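[1] no sequence on this one, just coordinates:
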């Protein structure tokens, strides 16, 4: 029986639809509104043409474009399952880059909604598609939280960089050689907000020690040494023009308030993620270093592990694979990582790997080995390779649902 291919070019207010048969024949081209009424119109036309053409299956494809097709995809899946069980309906959410590369095979195609829908329908006809949508609403609910957390963390990282750049204007020495282990720690921030470099340089050492003891709640082992180092960097810092002092201090204060607010929001997200994870049994959290947040970030993107044939397929999906450069007898020893894949899954795998290597001797040894082998960007390269090693473990744990046994207990 023939098959109907439905290409959908999604947009905010309306979608363009292209119907195509297996031979590439255009069957219909029309537009629907991006609302339930438009979706019902599409379903009616699908049922009408499949009955007229005696088709028993339909393949629907749309790009993953900023959630604009999310409602339509889920609505179509539910309605076709409920009201047209005789149809073998598959809905595919396609990678926009993959569709763009497919379109390049055609010379001089114009760029408009009708053509884009036609290209998607033709792409469906050629096959080699991602797995069709399944009942993944539980994972998608988790995704809303883990992806929001990702975006907040990225924004906070950028704001911290901006803060540090402003800090150089106020206190250049502290930016270069900070005696505090964390610039954003309570004591460091108290010094930045309450004192100017010239005040620190002129302050009696005993007074500065007392201030550090008070702000740190007496947590420093040797506050006198830190006070001496702080005065040293203060004396060799540039002096900021007085006209600039108030604007720079205000910039630091506002930026810090934004960072602290975002940090509080991340904690709120973490609590919500932990609550959702109680309903999703998993064995990833049996690995020391992978808590509920990192486990959630991985599971939300992986979904059903049966989608992946092996750990290599999962690594490719995460973008933790490297290019090959070979010609004749020559093959490059060092190649770059492919700049594709699911950025959210890659982020949580790398963050999880950074924690696991701090707690697990096998991963710690692997990280050190790769760190020593790297010629540049040692930490970044070693961490990404450690994340690739972690993919193998993640695939095994999710596939077998077994608990992780650390190296010390295997002997």
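    Great, that's in hand. The model shown is predicted, which means the values in this text are computed figures rather than measured ones. Numbers count the residues shown, from 1 in each chain.

[2] okay, CA-based contacts and neighbour counts for the rest of this
    OK.

[3] how does the protein divide up, domain by domain?
    Annotated domains of the chain cover 3-133, 141-275, 284-409 [automatic domain parsing].

[4] wait, residue 219 sits on residue 226?
    No. Applying C-alpha atoms under 8 Å as the test, residue 219 and residue 226 come out as separate, 11.9 Å apart.

[5] would you mind telling me which of those two has more residues around it?
    residue 226 (18 against 11; other C-alpha atoms under 10 Å).

[6] from residue 186, how far off is that one?
    According to C-alpha to C-alpha, to the nearest Å, residue 226 and residue 186 sit 15 Å apart.

[7] give me the phi and psi for the residue nearest to the spatial centre of the chain.
    In the chain, the centroid-proximal residue (C-alpha atoms, centre = their mean) is residue 344; its distance is 2.0 Å. Note on residue 344: its backbone torsions stand at phi -70, psi -50 [degrees, to the nearest 10].

[8] equivalent analysis for residue 8, please.
    Per degrees, to the nearest 10, the backbone of residue 8 is at phi -120, psi 120.

[9] please name the bridge partners of it.
    Under DSSP bridges, the beta-bridge partners of residue 8 are residue 17, residue 62.

[10] where are the low-confidence patches of the stretch 1-150 of the chain?
    Counting by pLDDT under 70, the stretch 1-150 of the chain contains no low-confidence residues.

[11] quick one: the helices in it?
    Remark: helices assigned in the stretch 1-150 of the chain by DSSP state H, counting those that start in this stretch are 36-52, 70-83, 96-103, 113-126, 137-170.

[12] and the angle from the longest one to helix 70-83?
    Spelled out, that is helix 137-170. For helix 137-170 against helix 70-83, the angle by axes from the mean of the first three to the mean of the last three C-alpha atoms, to 10 degrees is 170 degrees.

[13] still on that earlier bit, deepest-packed of the helices of the stretch 1-150 of the chain, please.
    Highest mean neighbour count of the helices of the stretch 1-150 of the chain: helix 113-126, a mean of 22 (counted as mean count of other C-alpha atoms under 10 Å).

[14] please compute how far that one lies from its chain's middle.
    28 Å (C-alpha atoms, centre = their mean, to the nearest Å).

[15] what does that helix contact?
    In this structure, residues lying in contact with helix 113-126 by C-alpha atoms under 8 Å, 6 or more residues apart in numbering are 5-9, 16-22, 24, 29, 59-62, 99, 102-103, 109.

[16] equivalent analysis for stretch 38-45, please.
    Counting by C-alpha under 8 Å, 6+ apart, 32, 33, 72, 75, 76, 80 sit against stretch 38-45.

[17] check contacts around residue 76.
    Shown in contact with residue 76 (C-alpha under 8 Å, 6+ apart): 39, 43.

[18] quick one: it and residue 47, what's the gap?
    12 Å.

[19] before we move on, what about residue 115?
    To residue 47, residue 115 is 23 Å away according to C-alpha to C-alpha.

[20] what number of residues lie near residue 368?
    Residue 368, neighbours per other C-alpha under 10 Å, totals 16.

[21] helix, strand or coil for it?
    Assigned state for residue 368: helix (three-state reduction, DSSP: H, G, I helix; E, B strand; the rest coil).

[22] skipping adjacent residues, who's closest to it in space?
    residue 382 (7.5 Å; C-alpha to C-alpha, 6 or more residues apart in numbering).

[23] pretty sure that neighbour sits in a helix.
    Yes. Under three-state DSSP, residue 382 falls within a helix.

[24] and it, what does it touch?
    Residue 382 touches 367, 368, 370, 371, 374, counting by C-alpha under 8 Å, 6+ apart.

[25] any idea how far residue 21 is from residue 102?
    In terms of C-alpha to C-alpha, residue 102 sits 18 Å off from residue 21.

[26] quick one: distance of stretch 182-201 to the chain centre.
    34 Å.

[27] renumber starting at 7 from here on
    All set: I'll call the first residue 7, so the last point we hit is now stretch 188-207.

[28] quick check: end-to-end length of it?
    Note: stretch 188-207 ends 21 Å apart using C-alpha to C-alpha.

[29] follow-up on the earlier one: ok, the residue nearest to the centre of the chain - contacts?
    Neighbour list for residue 350: 153, 156, 303, 307 [criterion: C-alpha under 8 Å, 6+ apart].

[30] next: residue 400.
    Contacts of residue 400 (C-alpha under 8 Å, 6+ apart): residue 290.

[31] tell me the pLDDT at it?
    At residue 400, the pLDDT value in this model is 98.

[32] quick one: it and residue 368, what's the gap?
    On the measure of C-alpha to C-alpha, residue 400 and residue 368 end up 15 Å apart.

[33] please apply the same query to residue 262.
    Residue 262 is 38 Å from residue 368, by C-alpha to C-alpha.

[34] between the contacts of stretch 44-51, which is nearest residue 326?
    Residue 326 has its nearest neighbour among the contacts of stretch 44-51 in residue 78, at 31.4 Å by C-alpha to C-alpha.

[35] apart from its chain neighbours, what residue comes closest to the closest one?
    residue 45 (6.4 Å).

[36] what do you get for residue 40?
    Using C-alpha to C-alpha, 6+ apart, the closest residue to residue 40 is residue 20 (4.8 Å).

[37] who are the packing partners of the helix or strand residue 277 falls within?
    Here residue 277, judged by DSSP states H and E, is contained in helix 248-283. Identification of packing neighbours for helix 248-283 by 3 or more C-alpha pairs under 8 Å, 6 or more residues apart in numbering; DSSP states H and E yields helix 143-176, helix 298-308.
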